[in-house]
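Colleague: quick one: sequence plus predicted model below, questions after.
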Amino acid sequence: MPAYHQMGHDSQNLLFEKHLSGFAGAILSPLNADEAKTKRIVDDVRAALTDHFEVVFDPQLYFPRTSVGRLPGWDHFPDDVETADLTSDAWWRHVAMQIAEVSKRLEVDATCSPVVVPRAYSNEYYARSVDVAEELATLVETDVWLTTLVGFSDLGQPGRAEQIASVITRSQLGRAYMVVQSDKEPRRELDDEASLAGVMRLIAMLEDAGIAVTVGFSSSDIVLWKAAGASSCATGKFFNLRRFASARFEEQSGGGGGQLPYWFEENLLGFLRGADVLRIAALVPASDATRRNPYSAACLAAINEGTSWLAESWRQFLWWFADYDRRADQEPVNSVKSLLKNAEQHWVKLETGDVLMEERRNDGAWLRAWRRASSVPLR
Amino acid sequence: MGAMDQVTVDQLTGVAQSYAAMQSWRNLRFVGAGAFKATYLVETPKPIALKVFAPGAVNLRSVREIEVLQRVSGTHNSLPRFLGVDLFDYAAQQQFVISLEEYISGTPLPKLTIDRVAPIAIQLAEALELLAAQKLVHRDIKPDNLLLAGERPVLIDFGLCRDLAQGSLTQTWAPQGPCTPYFAAPEQLNNEKELIDHRTDQFGLGVTLSVASFGGHPFARPGDHPTRTIERVASREPMSDEFIEWARRQAPALVSMVSPWSFQRYRRPSDLTLAWKGLR
């Protein structure tokens, strides 16, 4: 299944770009636009894109007490969030009803169920997530994606993926929207082997049980999630830099953000600053994906000329993401292992060649954890 | 001191006899007694199971059991028919709760040849579908609670039945949830409350059918004491190789039913029925 495009700050125009047509749908966020503007986006999508393009609404109540952007102005945002009892059935029922109303007015194809980021990722929390999603499903005529918010470090514990899968598969819904929460700082990759393996195994378990998983807020880690069997992944223009973390939501209240351009190179599975792109050229050839990427040439020209290439860098990443999601569905899973192995060897080559990146910690070290995680049996 | 310590079975029998006389029922026969109630057979043209609850034993679980019986009565041939509940003042001293159900003239699930398993399993899977639709989990499926009347299996004793739409009565600190350990699923043995759902009954039914047809517990190894087998289930060890080999040839659905984690079992109640019908 092709990738999904998560809408960020003023990114709706990217939906209509010719070279970014590889996405299966858009996931709308209430953080950056009010309901009227979001409805216009939906209408524009309906007018310009085919029927097969799916429009999904994510109510984004993850951090309700750290209300950001335009979220507090939406009807589904609870007025009593500061004092609400988040264990109350009645409270969640009311939230679900409000979201159902909003989804109906937006005329979206699917709605992600609401969840908050918990203090602890207990089984009880997941049981609540299932109950709320099932409740929402009774209120909307569209599809409901069961939002499955997982703690990255929580999934590093033995048996945790199995427990979560057992609770989530209680649901009769056919789709899950998985969000991986970590405290990883921006521009760093997830690198805990046990946790990576835990996320991958959970994806595989849900898929085996007949729940199609879309992993939201993805970045280059799409290669792991797809290797685990995820039906699709979702990303936005800023997810080349950011992860799903509370810091990200606090940061986003200023709007936009992430103002440095990064080049994505599949041969390194890494993001590079402009000067680094030129620095590595002699040692690590551009990947086939980079050569086919219609935005690479414009980025490279801007890097050479010293002009701004921020907007082009987003496009370069988004094109690669959609292209990779498509390819991953067609290629054998073992190709991921060779992809990771080659990437690590390329980083070793750079180290041997004394190529020092602009960012000191950009050294490919995470790839060892990725390789180990991808070797853990999924079943 | 338990409720039955305070009121003897003889006293409950006196209550049952008095109640039966009031109804002009002549033939009353003692069937058995549990921790909180005694059961009698009333021999009428359509035999009745008369249950007398010990005073003080009518707790929330008893009330829920009666509510469950009222809800499921008549919905499927493999679920008991509930006839009513009564409050009976006995000897002007105490009030007793009496419930009346269809009396199932059957035997606890015996050893079954493999060709008899599938028709019985299909009926029970359909009954579990109906329970699941009402968010009910029996939690105590075992041979003693599966009576076979001819070729009709009937699931009885809803004393441990959990209504998922209502709050749990089991404390989180309890090391084990309510169950008969030998037939219980890992999530019951470990008191993993949020993992209890229709797939918990699937496990209990799977073990029960395995014992009846394979001749042993799917997780038991030769020479195992039952407590060791229970430990194996609780710690989610693999099933025995002998069982897997047998089940894959004879009744493949059993392997999924008794999988240690519920996500590995049949996700939808209807999938279990279809599996036994050979359609899935």
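Modeller: Thanks, I have it.
Colleague: hey, let's count contacts and neighbours off CA atoms from now on
Modeller: OK.
Colleague: next, count neighbours for A:Pro72.
Modeller: 18 (other C-alpha atoms under 10 Å in any protein chain shown).
Colleague: so it: helix, strand or coil?
Modeller: A:Pro72 carries the three-state label helix when classified by DSSP: H, G, I helix; E, B strand; the rest coil.
Colleague: ok, it - contacts?
Modeller: Contacts for A:Pro72 (C-alpha atoms under 8 Å, 6 or more residues apart in numbering or on different chains) come out as A:Pro78.
Colleague: gap between it and A:Val108?
Modeller: Here the criterion is C-alpha to C-alpha, to the nearest Å. By it, A:Pro72 lies 20 Å from A:Val108.
Colleague: quick one, helices of the chain?
Modeller: Using chain A here. A:35-48, A:89-106, A:123-139, A:160-168, A:193-208, A:222-227, A:246-252, A:274-280, A:288-292, A:296-305, A:310-330, A:334-352, A:366-375 (DSSP state H).
Colleague: switch to chain B, that's the one I care about
Modeller: Remark: helices assigned in chain B by DSSP H are B:3-6, B:9-22, B:60-72, B:114-133, B:186-189, B:198-213, B:226-234, B:241-250, B:253-257, B:269-276.
Colleague: next, format those helices as CSV and append distance to A:Ala275.
Modeller: Formatted as CSV, those follow (distance: least, C-alpha to C-alpha, whole Å):
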stretch, distance to A:Ala275
helix B:3-6, 82
helix B:9-22, 89
helix B:60-72, 71
helix B:114-133, 61
helix B:186-189, 56
helix B:198-213, 57
helix B:226-234, 57
helix B:241-250, 60
helix B:253-257, 56
helix B:269-276, 57
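Colleague: would you turn those helices into CSV with mean neighbour count, mean pLDDT and distance to B:Glu151?
Modeller: CSV is the format used below for those (neighbours: other C-alpha atoms under 10 Å in any protein chain shown; pLDDT from 0 to 100; distance: least, C-alpha to C-alpha, whole Å):
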stretch, mean neighbour count, mean pLDDT, distance to B:Glu151
helix B:3-6, 15, 53, 35
helix B:9-22, 17, 93, 31
helix B:60-72, 17, 86, 20
helix B:114-133, 19, 96, 7
helix B:186-189, 24, 97, 30
helix B:198-213, 26, 98, 14
helix B:226-234, 18, 97, 29
helix B:241-250, 15, 96, 20
helix B:253-257, 23, 97, 20
helix B:269-276, 20, 96, 16
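Colleague: can you put these in JSON lines and add distance to chain A?
Modeller: Listed next are these as JSON lines, based on distance: least, C-alpha to the nearest C-alpha, whole Å:
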{"stretch": "helix B:3-6", "distance to chain A": "33"}
{"stretch": "helix B:9-22", "distance to chain A": "41"}
{"stretch": "helix B:60-72", "distance to chain A": "21"}
{"stretch": "helix B:114-133", "distance to chain A": "11"}
{"stretch": "helix B:186-189", "distance to chain A": "10"}
{"stretch": "helix B:198-213", "distance to chain A": "9"}
{"stretch": "helix B:226-234", "distance to chain A": "13"}
{"stretch": "helix B:241-250", "distance to chain A": "17"}
{"stretch": "helix B:253-257", "distance to chain A": "12"}
{"stretch": "helix B:269-276", "distance to chain A": "10"}
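Colleague: report the closest residue of the stretch 101-250 of chain A relative to chain B.
Modeller: Nearest to chain B in the stretch 101-250 of chain A, going by C-alpha to the nearest C-alpha, is A:Ser166, at a distance of 4.4 Å.
Colleague: show me the contacts for the closest residue to that residue other than its chain neighbours.
Modeller: Closest residue to A:Ser166 apart from its sequence neighbours, by C-alpha to C-alpha, 6 or more residues apart in numbering or on different chains: B:Phe263 at 4.4 Å. The neighbours of B:Phe263, taking C-alpha under 8 Å, 6+ apart as the test, are A:162, A:165-167, A:169-170, A:205-206, A:209.
Colleague: what's the pLDDT at B:Phe263?
Modeller: Looking at B:Phe263, its pLDDT is 97.
Colleague: ok, now B:Val85?
Modeller: 94.
Colleague: same thing with B:Ser168?
Modeller: pLDDT, read off for B:Ser168, is 65.
Colleague: ok, A:Leu283 next?
Modeller: 91.
Colleague: touching, it and A:Val348? I think so.
Modeller: No. Using C-alpha atoms under 8 Å, A:Leu283 is not in contact with A:Val348; the gap is 10.6 Å.
Colleague: mind checking which of these two has more residues around it?
Modeller: The neighbour count for A:Leu283 versus A:Val348, taken as other C-alpha under 10 Å, is higher for A:Val348 (16 against 13).
Colleague: any idea how far chain B is from that one?
Modeller: Applying C-alpha to the nearest C-alpha, to the nearest Å, the value for A:Val348 to chain B is 41 Å.
Colleague: leaving out chain neighbours, which residue sits closest to B:Tyr90?
Modeller: Nearest to B:Tyr90 is B:Val15, by C-alpha to C-alpha, 6+ apart, at 6.3 Å.
Colleague: got the contact list for that neighbour?
Modeller: B:52, B:90, B:96.
Colleague: over to A:Glu351?
Modeller: A:Glu351 touches A:Asp363, counting by C-alpha under 8 Å, 6+ apart.
Colleague: per-residue confidence for it?
Modeller: Confidence score, pLDDT, at A:Glu351: 92.
Colleague: what does B:Pro175 give?
Modeller: We have a pLDDT of 78 for B:Pro175.
Colleague: hang on, it packs against B:Asn191?
Modeller: Yes. Contact criterion C-alpha under 8 Å: B:Pro175 and B:Asn191 qualify, at 6.0 Å.
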